[in-house]
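Undergrad: Have a look; sequence and predicted model below, questions after that.
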Amino acid sequence: MTYDTDVLVLGAGPGGYVAAIRAAQHGLKTTIIEKDKVGGVCLNIGCIPSKAIIHQAELFHGIKDLENLGVSIDKSGFSYKKVYEKSREAADQLSKGVQFLLKKNKVAVVSDTGRLTGEHEITLSDGKKLIGKYIVLATGSRPRAIPGFDIDEKNILSSTGILMLQTLPKSLLILGSGAIGIEFAHIMNAFGVEVTLVEMLDQILPIEDEETVAILAKSFQNRGIQMITATKAISQKQTQQGVEVLLEDAKGKRTTVTVEKMLVSVGRAPNTENIGLEKVGIKPDKGGYIPVGDYNQTSVAGIFAIGDITRTPLLAHVASKEGEIVADFIAGKGNETSVDIMLVPGATYCEPQLASFGLTEKKLKENARPFKKSVFPYRGAGKAVAIGQPEGLVKVLSDEVTGEILGAHIVGANATELIHELLLARKAELLPEDIADMIHAHPTLSEAVMEAMRGIDGSPIHV
Ligand code: FAD
């Protein structure tokens, strides 16, 4: 069989474009097919525009700190449209950056929709066929819909719709309190929108450690964000006032909340329909995800699946890592077989920030695994107090016998950056005392990490 290209990649999100660039860097002839903008959800309608808006929201919220210094600021010229425009600038700049990187690495980019029509073949919308020795599927995900809450992107929004708003609603109900729901609660509250967060499970950010989430929840409460947990949204009705949402708590008690708009952020669905999986005999699981084995290989030799269409955490850095693993394997240079879930950091960008990896305290207890726990409060770190952000903690969980770091959870300023020292410690198989003994610059927030490590086998100094 003759091939047009060595590697054909379907979808140019953080999974696909990283796989393509890495494959090309290995000297493989590579083609990537993308029906929309390169960069995928992450760069265009996800991670990047949301972080651009969060930055503006935090600047806006920070006006209060300036006012405390006696500075008076006239906010009458404020327009949320400018916030929106800044977020689009950031997204466009980065999408163009990826276009440049693909070109620089000599990856051929095809702007079209593709679908599998054979084990080595993808057919484009005009019928043109591309033949590749290897195929990498990286078609990503879309907002999950729930019955009775049809997204119209007017009053009932998805994460995409809320990123495209150019004016602020007066009030917003957010259904689902995963990272996306939490980030929009933070953004909208910072801009003065009345926010109600509704979560079906017992705590907001249900997969995160209880103790860290409690600090975030308290902070959100102090900011006036209404959080309703253990409660389901049953139905909605659109009225002249906006959306009337019927809620039901765990005891069956029903209440109605009326808001101008609502955001449905109850998870994401993989884009695995209409990509021709049936043509080659790949069967998605019940949730629509593609089962993969080592090196992200599907059930068909030579076809790989990465990123949000597989059952690993739906995160950009996981998609990218899987892209690298696949490209290295195809090039015969791979030594990692799959993403190590214990080494995947999770980050939620709000105030205070939350970041973690590994197991939670609850999980360790459920697994009956003997562990040691150390918690160091931010207020014990001079820097946290100096910058007026003493709210937070660093929590480390380690194996009682071996000292292996089993999980780390940070809530507080810069948590999403600080987590990496702890992650490196786990990856390098360091023990808590290795970090505890290392000199950390003073004053830094990283001292809270050092102190938490001291707390595993000894005592922190500053608490
Ligand atoms: P995607 O980014 O979804 O890209 C898939 C690409 O494939 C798309 O460009 C699509 O157009 C294309 N495609 C699909 N089907 C076809 C076809 N048939 N033919 C051609 N092209 C096709 N993750 C983080 O790690 N950190 C964050 O802070 C973060 N924030 C987020 C905020 C929001 C609001 C959202 C919605 C998501 C966020 N995520 C974040 C998640 C992150 O965006 C995804 O995990 C990541 O984009 C997945 O990458 P991917 O390559 O698997 O797929």
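TA: Received the coordinates, thanks.

Undergrad: which parts of the stretch 351-463 of the chain sit against the ligand?
TA: Within the stretch 351-463 of the chain, no position is adjacent to the ligand by Cβ under 6 Å from any ligand atom. To be clear about C-beta, it is placed using only N, CA and C from the backbone, and glycine gets the same treatment.

Undergrad: Close to the ligand: what parts of the stretch 151-300 of the chain are there?
TA: Contacts of the stretch 151-300 of the chain with the ligand, taken as Cβ under 6 Å from any ligand atom, map to 159, 180, 271, 275.

Undergrad: Repeat the analysis, applying 8 Å as the threshold.
TA: The stretch 151-300 of the chain comes close to the ligand at residues 159, 160, 163, 179, 180, 183, 184, 268, 271, 274, 275, as judged by Cβ under 8 Å from any ligand atom.

Undergrad: Filter those down to the buried ones.
TA: The neighbour count (16 or more other Cβ atoms under 10 Å) marks 159, 160, 163, 179, 180, 183, 184, 268, 271, 275 as buried among those.

Undergrad: Go through those residues and say which is closest to the ligand.
TA: Taking Cβ to the nearest ligand atom as the measure, the ligand sits nearest to residue 159 out of these, at 3.9 Å.

Undergrad: OK, contacts around that closest one?
TA: If you count contacts by Cβ atoms under 8 Å, 6 or more residues apart in numbering, residue 159 has them with 45, 46, 50, 143, 180, 184, 263, 265.

Undergrad: The host helix or strand of the third one close to the ligand?
TA: In this assignment (DSSP states H and E), residue 50 forms part of helix 47-61. Yes - using Cβ under 8 Å from any ligand atom as the criterion, contacts between helix 47-61 and the ligand involve 47, 49, 50, 51.

Undergrad: Output the residues you listed as TSV; include the columns pLDDT.
TA: Formatted as TSV, these follow (pLDDT from 0 to 100):
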residue	pLDDT
47	98
49	98
50	98
51	98
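
Undergrad: top of those by neighbour count?
TA: When neighbours are counted by other Cβ atoms under 10 Å, residue 49 leads these with 25 neighbours.

Undergrad: Leaving out the residues flanking it, which one is nearest to that residue?
TA: Counting by Cβ to Cβ, 6 or more residues apart in numbering, residue 87 is the residue found nearest to residue 49 once chain neighbours are left out, at 4.0 Å.

Undergrad: Return the per-residue confidence for the one you found.
TA: In the prediction, the pLDDT value recorded for residue 87 is 98.

Undergrad: and what of residue 195?
TA: Predicted confidence (pLDDT) for residue 195: 98.

Undergrad: my guess is it contacts residue 185, does it?
TA: Yes - with contact defined as Cβ atoms under 8 Å, residue 195 reaches residue 185; the gap is 5.0 Å.

Undergrad: ok so, going back, can you give me the buried ones in the helix holding residue 50?
TA: 47, 48, 49, 50, 52, 53, 54, 55, 56, 57, 60, 61.

Undergrad: ok, now stretch 136-148?
TA: For stretch 136-148, by 16+ other Cβ under 10 Å, it's 136, 137, 138, 139, 140, 141, 142, 143.

Undergrad: Shouldn't the fourth one be within a helix?
TA: Read that as residue 139. No - looking at residue 139 with DSSP: H, G, I helix; E, B strand; the rest coil, it is coil, so not inside a helix.

Undergrad: show me the contacts for it.
TA: Residue 139 sits next to 10, 11, 270, 271, 272, 275, 309 when contact means Cβ under 8 Å, 6+ apart.

Undergrad: give me every residue that touches the second one.
TA: In this case it means residue 11. Residues near residue 11 by Cβ under 8 Å, 6+ apart: 32, 33, 34, 40, 137, 138, 139, 140, 271, 307.

Undergrad: mind giving me JSON lines with those and columns for pLDDT?
TA: Formatted as JSON lines, the contacts of residue 11 follow (pLDDT from 0 to 100):
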{"residue": "32", "pLDDT": "98"}
{"residue": "33", "pLDDT": "98"}
{"residue": "34", "pLDDT": "98"}
{"residue": "40", "pLDDT": "98"}
{"residue": "137", "pLDDT": "99"}
{"residue": "138", "pLDDT": "99"}
{"residue": "139", "pLDDT": "98"}
{"residue": "140", "pLDDT": "98"}
{"residue": "271", "pLDDT": "98"}
{"residue": "307", "pLDDT": "98"}
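
Undergrad: now for those residues, which pair is the farthest apart?
TA: Farthest-apart pair in those is 32 and 271; separation 15.6 Å (Cβ to Cβ).

Undergrad: From what I see, residue 427 and residue 342 are in contact.
TA: No - judged on Cβ under 8 Å, residue 427 makes no contact with residue 342 at a distance of 9.2 Å.

Undergrad: what residue is smack in the middle of the chain?
TA: Most central in the chain under Cα atoms, centre = their mean is residue 315, positioned 4.7 Å from the mean C-alpha point.

Undergrad: which residues touch that one?
TA: So residue 315 contacts 344, 346 (Cβ under 8 Å, 6+ apart).

Undergrad: gap between it and the ligand?
TA: 4 Å (Cβ to the nearest ligand atom, to the nearest Å).

Undergrad: joint contacts of residue 195 and residue 185?
TA: With Cβ under 8 Å, 6+ apart as the test, residue 195 and residue 185 both reach 174, 225.

Undergrad: what's the helix or strand for the residue lying closest to residue 381 once chain neighbours are set aside?
TA: What sits nearest to residue 381 in space, not counting adjacent residues and going by Cβ to Cβ, 6+ apart, is residue 448, at 4.3 Å. Per DSSP H and E, residue 448 falls inside helix 446-457.
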